[in-house]
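> Here is a sequence together with a model predicted from it:
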Amino acid sequence: MATAKKNDFVEIKYTGTSQGNVFDSNIEEDLKKINTREKPRKTIVMIGQGMLVKGFDSALEEKEMGKEYEVKVGVKDGFGERKRELVKTIPLKIFTEKKITPYPGLVLAMDDALAKVITVSGARVITDFNNPLSGKELNYKFTITRKVEDEKEKAETLFDFLVRFVPPEIEVNDKVIVRGVKEMGFFMNAIKDRFKELMGKELVFEERKDKEDKKNEKEEHVHGPDCKHEHKD
């Protein structure tokens, strides 16, 4: 039976629990336990590249395809220890200025991170910026359903990991060519070295012309830039 190796691209089915509660899954019946309306999404990862928490990532190595496994992940190899310095006291006016009424249990985005309100006392709000799973042991049940061989699927996986979106126009041959609006080129340029290291193929960006540019280009091709029509009397 084939086994998964480091740097293989594999598709997995999994459910993560902590203290008996599901916190993440791509299996529909388990996902419903999180009180979310999200639909299960296909999960493809490159083993050993940090696409999962360390303990789960390393557990995928040398596992057989199609067989269910279970792994316990300690705090160090999960989301890390809780840090006291991430529990902060914030003036209430910071919230009220943004028309937010804080209350214990409220989770909101602050300073590019998720924060949970612990207590509200007078003009002070004690807020926790620790990951909700920090300081906790984790348990994962998982099955590696297949090894991914398709080069375009691999490229899409890396885009999702490196820039959190998948370009709509991708061509894969000896290179990976991405076509899109000019602004997309900034993101492609930022990841091209890392992408080549992981994919083994050069990443090339080609700016996609808008419809008006394409129309003008087509007219010039048909008539020529200096073409003049003759009219007979």
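In hand now; what should we look at? Fair warning: this is a prediction, and the values are worked out from it, not measured in the lab.

> bridging residues for the closest residue to residue 56 other than its chain neighbours?
The spatial neighbour of residue 56 that comes closest, neighbours along the chain excluded (C-beta to C-beta, 6 or more residues apart in numbering), is residue 140 at 5.1 Å. All C-beta spots, glycine's among them, are computed from the backbone N, C-alpha and C. Residue 140 forms beta bridges with residue 16, residue 71, as assigned by DSSP bridges.

> in terms of contact, does residue 140 touch residue 73 like I think?
Yes: with contact defined as C-beta atoms under 8 Å, residue 140 reaches residue 73; the gap is 6.6 Å.

> what is in contact with the two at once?
For the pair residue 140 and residue 73, residues contacting each of them under the criterion C-beta atoms under 8 Å, 6 or more residues apart in numbering are 56, 59.

> Got the domain ranges for the chain?
In the domain annotation for the chain, the residue ranges read 1-80+134-149, 84-128, 150-225 (automatic domain parsing).

> among the ones you listed, which is the most enclosed?
domain 1-80+134-149 (a mean of 16; mean count of other C-beta atoms under 10 Å).

> those helices in the protein, which residues are they?
With helices called from DSSP state H, the chain shows them at 28-31, 54-59, 92-96, 151-163, 184-199, 211-223.

> Show me where this structure dips below the pLDDT cut-off.
By pLDDT under 70, the weakly predicted segments of the chain are 210-233.

> Could you pull up the residues touching residue 63?
Going by C-beta under 8 Å, 6+ apart, residue 63 touches 3-4, 69, 144.
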